[in-house]
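Student: have a look; sequence and predicted model below, questions after that.
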Amino acid sequence: MTPRVYLIGFMGSGKTTIGKFLAHDLKWQYVDMDHLFESEKGCSISQYFSEYGEENFRKEETLLLERVSTIPNAVISTGGGTPCNQHNIEIMKKTGVVVYINVTPENLSIRLQKAKNGRPLLENKTGEELTTFIREKLTQREEFYRQANIITDGENVPFSTYRTLIELCPYDEIN
Ligand code: S3P
């Protein structure tokens, strides 16, 4: 059995909602990397971006991932960009089962129109601009997201199925 599960996917794909449900289902600890980042830094991710820039955020995000990857029996919701370099996705795959929650750009766009606040990459984008950004960013990121051990249809797979999918994933064989 895997010592931990990572949920990856684009902003708005449901990582937090599914992560909380799954952690409760498995009776494991729930770790939300974005929340942990904000509480450790004492500021919001948007404030961090505007003060220190995205590049520094990415460095700190990697350091945080390296730390959370040692927590046993944990369901970890990552930020949308966390797995998007080879170093980070490899840490996750070596230390747990990685689940990509796949949602179409059309649905992400509908969901994110109402949930842009607190997400610095989206805050200044509206309508068509937001849809184009999502489509392009998702295309760039899929090479990383698709390295996950499990890919789910984030619009149709019931939350209660995630536990079964994880229990069926042969962690000892994939690592
Ligand atoms: C980001 C996603 C955010 C957060 C930051 C950057 C991204 O997390 O980490 O704003 O690059 O996609 P969510 O996916 O939880 O919104």
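Tutor: Yes, it's here.
Student: near the ligand, which residues of this protein are found?
Tutor: Counting by C-beta under 6 Å from any ligand atom, the residues of the chain close to the ligand are 11, 15, 34, 45, 79-81, 119-121. No exception for glycine: its C-beta is placed from N, CA and C like everyone else's.
Student: repeat that for 5 Å
Tutor: 11, 34, 45, 79-81, 119 (C-beta under 5 Å from any ligand atom).
Student: among the residues you listed, name the ones in helices.
Tutor: Per DSSP state H, helices hold the following members of the residues of the chain next to the ligand: 34, 45.
Student: so can I have a markdown table of the residues of the chain next to the ligand showing pLDDT and neighbour count?
Tutor: What follows is these, written out as a markdown table (pLDDT from 0 to 100; neighbours: other C-beta atoms under 10 Å):
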| residue | pLDDT | neighbour count |
| --- | --- | --- |
| Met11 | 98 | 22 |
| Asp34 | 98 | 21 |
| Ile45 | 97 | 19 |
| Gly79 | 98 | 21 |
| Gly80 | 98 | 21 |
| Gly81 | 98 | 19 |
| Arg119 | 95 | 18 |
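Student: packing partners for the helix or strand hosting Glu143?
Tutor: Here Glu143 sits within helix 127-145, counting by DSSP states H and E. Counting contacts by 3 or more C-beta pairs under 8 Å, 6 or more residues apart in numbering; DSSP states H and E, helix 127-145 is packed against helix 105-113.
Student: quick check: angle from the helix it packs on to helix 127-145?
Tutor: Between the axes of helix 105-113 and helix 127-145, defined by axes from the mean of the first three to the mean of the last three C-alpha atoms, to 10 degrees, the angle is 120 degrees.
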